[in-house]
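Novice: how would this look folded up:
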Amino acid sequence: MIYKDAIQFLFNSLPMYQRQGKAAYKENLDNTIRLDEYFRHPHHSFITIHVAGTNGKGSVSHMLASVLQQSGKKTGLYTSPHLLDFRERIRIDGAPIPESEVSAFVSAHQPIIQELEPSFFEMTVAMAFDHFKRHQVDVAVIETGMGGRLDSTNIICPVLTIITNISLDHTEFLGTEQASIAREKGGIIKEGVPLIIGRAGSPAEGVLLTMAKSLNSRAITAGRIYESLFHTLDREGSMHVRIRKTGQDVEEAHPTETFICDLSGTYQLENIITAITAIGELRKLGWQISKSHLSDGLANVKKNTGILGRWQTIGSNPRSICDTAHNSDGIIAVVRQIGQVPRKRLHMVWGMVSDKDLDSILPLLPGDATYYFTPSSVPRSMDAEKLCQRAGDFGLKGSAWPGVREAYQAAQKAAGADDMIFTGGSTFVVADLLKMKI
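Specialist: Residues are numbered from 1 along each chain as shown. From the prediction side, this is the model:
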């Protein structure tokens, strides 16, 4: 079986949430447990770090993987979804799983796949854990899917658990309030395993602290230990961040330190602080991670891990940026940064999936932009004409286009050298754009 055939088999035979939505969601771990037994519990063969959250969990996972690689550890990284290639989901020291190994895995294990009929995500988790075991990684950073408690990754017992932040997303599965979502994502907290909470001051923080206490898990809120004093961008687009330690354990570090991170979205400030706090906890557990490992890891996240789609510059004159933010919390952060970019006119190539709450998201978007509404190439994508019409109800002006290529090319044609083009609204819109550009 060649790689193309293996991928088609996975996409066409297994229910995939990114494409099908609720029909692909499994409300139990039955298949995951059976797959784990079939593969002889591969996750017992390596150390794990578990990362959940509404926003930022992917960025934090990549940051941690980059730092661990710099420290000399053979590091696995499991994330989702992918943007350009399925193999992005499963990496070792930044290298995606080889096409030949994906093909061999699918070919060898078709009988169990056909017997259990697992979801795409369940099968991908099993593939990742098997890959990490066979290649004898020292540690694997494991990002959850949408949830926590019932997530297929939640069979691991990590040395550290991280929950970046909680906001409203996937409410049809996780609940309609921060507290209920926190309880679902907090389902990854394990007895006696330290917990890093990213964001301070939200209703979710109290829920997570209570859950951690009941499990004898030492909980640390990163936002109560560090604060960012200022940040700036250099010519290469890397962000220089001055951070001050304000809370617990001040005696263990200089009061202020400067870090460079090649992920330049200002929303990464919270993620950087979360990653730094997590590295500090690993040090307390005896891990040999030096200051230079931390600094070099944060400065080379893109180089070390191949992360895409986070405030990514894809063109200049006009400046063209894309970002995968797709829920209210993420879009607020992105729109704030758009407002800080010097430009004349703003052009927004925008698409969303069909289950998003337009009434909560559309009012967040810039009112002074010209919009190019588009579907993405996945079946869950919202019809562009419908999106354009609803956007008009909120005073957003633009037109509908048949696809991302057409929408982006129209924006390029209309934009002047001093304008800005932003593409986003959905991970899949960004994926279509990057496939077109790369």
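
Novice: where do the helices sit along the stretch 201-350 of the chain?
Specialist: Under the criterion DSSP state H, counting those that start in this stretch, the stretch 201-350 of the chain contains helices at 203-214, 268-284, 291-299, 301-305, 328-338.

Novice: go through stretch 216-235 and flag the buried ones.
Specialist: Taking 16 or more other Cβ atoms under 10 Å as the neighbour-count basis, stretch 216-235 is seen to contain the buried residues S217, A219, I220, T221, A222, G223, R224, I225, Y226, E227, H231. Just so you know, the C-beta spots here come from the backbone N, C-alpha and C atoms, and that holds for glycine as well.

Novice: also stretch 270-286?
Specialist: For stretch 270-286, the neighbour count (16+ other Cβ under 10 Å) marks 270-282 as buried.

Novice: quick check: domain ranges of this protein?
Specialist: Following automatic domain parsing, the chain resolves into domains at 3-305, 312-437.

Novice: so how far is I338 from R235?
Specialist: Counting by Cβ to Cβ, to the nearest Å, the separation of R235 from I338 is 21 Å.

Novice: which residues sit in contact with the closest residue to L298 other than its chain neighbours?
Specialist: Distances taken as Cβ to Cβ, 6 or more residues apart in numbering put C261 closest to L298, at 4.6 Å, once the chain neighbours are dropped. For C261, the contact set (Cβ atoms under 8 Å, 6 or more residues apart in numbering) comprises M63, S238, M239, V241, Q268, I272, L298, A299, V301.

Novice: swap in M211?
Specialist: Contacts of M211 (Cβ under 8 Å, 6+ apart): A182, R183, G186, I189, S217.

Novice: which residue ranges form the strands in the stretch 301-438 of the chain?
Specialist: 312-315, 319-322, 346-350, 370-373, 397-400, 420-424 (DSSP state E, counting those that start in this stretch).

Novice: low-confidence stretches in the stretch 251-400 of the chain?
Specialist: Low-confidence regions of the stretch 251-400 of the chain, defined by pLDDT under 70, span residues 251-254.

Novice: can you lay out the helices of the stretch 201-350 of the chain as JSON lines showing distance to A108?
Specialist: As requested, these are exported to JSON lines (distance: least, Cβ to Cβ, whole Å):
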{"stretch": "helix 203-214", "distance to A108": "39"}
{"stretch": "helix 268-284", "distance to A108": "35"}
{"stretch": "helix 291-299", "distance to A108": "35"}
{"stretch": "helix 301-305", "distance to A108": "28"}
{"stretch": "helix 328-338", "distance to A108": "38"}
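
Novice: distance of A6 from A108?
Specialist: With distances taken as Cβ to Cβ, A6 is found 11 Å from A108.

Novice: quick one, which of these two is more surrounded?
Specialist: Counted by other Cβ atoms under 10 Å, A6 and A108 do not tie: A6 has more neighbours, with 21 against 10.

Novice: span of stretch 311-326 from start to end?
Specialist: End-to-end span of stretch 311-326 (Cα to Cα, to the nearest Å): 13 Å.

Novice: distance from it to the middle of the chain?
Specialist: Average the C-alpha atoms of stretch 311-326, do the same for its chain, and the two points are 17 Å apart (Cα atoms, centre = their mean, to the nearest Å).

Novice: would you mark the buried spots in it?
Specialist: With burial defined by 16+ other Cβ under 10 Å, the residues of stretch 311-326 counted as buried are W311, Q312, I314, P318, R319, S320, I321, C322, D323, T324, A325, H326.

Novice: please look at the second one and I321 and confirm they touch.
Specialist: Yes. Proximity of Q312 to I321 meets the contact threshold set by Cβ atoms under 8 Å, at 6.9 Å.

Novice: wait, what's in contact with the residue nearest to the spatial centre of the chain?
Specialist: Relative to the mean C-alpha position of the chain, the nearest C-alpha, by Cα atoms, centre = their mean, is the one of G58, at 2.7 Å. Contacts for G58 (Cβ under 8 Å, 6+ apart) come out as T79, E143, I307, R310.
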